[in-house]
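>>> Dropping the sequence and predicted coords here.
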Amino acid sequence: MSTIILAIILGIGATIVMDIWSLVLKLFKIPTLGMSMIGRWVGYLFKGRFFHYPIMKSDAIYGESALGWAAHYGIGIVFSFIFIYFVGDSWFAQPTFWPAYIWGVITVSAPYFMMQPGFGFGVMGCKTPHPNKVRLMSFLAHSAFGLGLYLTGLVISDVI
């Protein structure tokens, strides 16, 4: 199977694990950011607007939930391509936990330094009522993504 197909599968699988983490949080009544807010932000990016004060006060855009889900999975796929670029496609034959987990943790820099400021939450959520909680939740979500890279890699290695 080509590296491109494997990287796409890897990104989808890792993002699914991240979504399972989000579902677990919802079972315990722990709120998470909805995909519609991500879609709203992405939709406004196409209109030239990066910053919101906060995103929840910006007008909704048509199809923002679907756009959010598409962006979420698209970003996961892009992150998996970058991961494979650095570790090499031989990783698929023998996936290892630590590179995948560390990459997942590194990817938390995207929400900390791009999305959260763009949403009007400040760098690393510093403008939210509970910034440390926002930081922790993002860190855990991206840790789940790293775990998902590893688990998906294990499944792929059994198939190829």
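Looks like it came in fine.

>>> ok, longest helix in this structure?
Longest helix in the chain, counting residues (DSSP state H): helix 131-159.

>>> Packing partners of that one?
helix 3-27, helix 64-87, helix 97-106 (3 or more CB pairs under 8 Å, 6 or more residues apart in numbering; DSSP states H and E). All C-beta spots, glycine's among them, are computed from the backbone N, C-alpha and C.

>>> can you pull the pLDDT of residue 71?
pLDDT for residue 71: 98.

>>> wait, what's in contact with it?
38-39, 42 (CB atoms under 8 Å, 6 or more residues apart in numbering).

>>> Now do the same for residue 60: helix, strand or coil?
Taking DSSP: H, G, I helix; E, B strand; the rest coil as the rule, one finds residue 60 in the coil state.

>>> Correct me if wrong: it contacts residue 40.
Yes: between residue 60 and residue 40 a contact is recorded at 6.5 Å, counting by CB atoms under 8 Å.

>>> Would you mind telling me which of those two has the busier surroundings?
residue 40 (23 against 13; other CB atoms under 10 Å).

>>> And for the more buried one, nearest residue in space, chain neighbours not counted?
Distances taken as CB to CB, 6 or more residues apart in numbering place residue 64 nearest to residue 40, at 4.6 Å, with adjacent residues excluded.

>>> Quick check: the one you found touching residue 39?
Yes: assessed by CB under 8 Å, residue 64 is found in contact with residue 39 at 3.6 Å.

>>> phi, psi of the residue nearest to residue 6 when sequence neighbours are not counted?
Residue nearest to residue 6 in three dimensions, not counting chain neighbours: residue 92, with 5.5 Å by CB to CB, 6+ apart. Backbone torsions for residue 92, taken as degrees, to the nearest 10, come to phi -60, psi -30.

>>> how many other residues sit next to residue 92?
21.
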